[in-house]
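Task: produce atomic coordinates for the following.
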Amino acid sequence: MSSSPRHSASVSSGFSPTDAEDLTLYREKFRRRLPESLDELHGPTQGVVELPLHLAWSGMTSYDMSKPRQRMGLYRTVLHEGLRDDLPRYLNRDLLLQLWPVLRTLVGRTAS
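Next comes the predicted model:
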């Protein structure tokens, strides 16, 4: 993953400075798992999403995207447990941007 200005701008677009900083910390921590751009995230925005066991190994495996708590739970699970191919498959760019202000408090900061 490059750290070019173009890449940074594409990641931070739509985020507050604090949110962009948090995303930068996640990018560094999970560099090998994250896509090059948020534009690669084409996951579902509606319907029921079934996560495979390698993602949802200890709890819910089915998430109804019309229910805000379940939608947030799906994103939290995928961000915590997802492999490189899982993020584009289960996360959606626009929905991630919408959820990030709350979601970032649920996944916590990665740096001390």
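
contacts and neighbour counts: CA atoms only from here.
Will do.

Stretch 49-63: how far from the chain's middle?
15 Å (CA atoms, centre = their mean, to the nearest Å).

and residue 59, how many neighbours?
Neighbours of residue 59 under the rule other CA atoms under 10 Å: 9.

And it, how far from residue 74?
According to CA to CA, to the nearest Å, residue 59 and residue 74 sit 11 Å apart.

and if you look at residue 42?
Taking CA to CA, one finds residue 42 at 14 Å from residue 74.

the more surrounded of those two?
Taking other CA under 10 Å, residue 42 and residue 74 do not tie; residue 74 has more neighbours (25 against 16).

Start from the N-terminal end of the protein and give the helices.
5-12, 17-29, 68-81, 86-90, 93-107 (DSSP state H).

what residues does the fourth one touch?
With contact meaning CA atoms under 8 Å, 6 or more residues apart in numbering, helix 86-90 is reached by 33-35, 40-44, 75, 78-79.

what's the average pLDDT for that helix?
Across helix 86-90, pLDDT averages out at 96.

How about stretch 36-50?
pLDDT averaged over stretch 36-50 gives 95.

correct me, but residue 48 touches residue 65?
Yes - between residue 48 and residue 65 there is a contact at 6.0 Å, judged by CA atoms under 8 Å.
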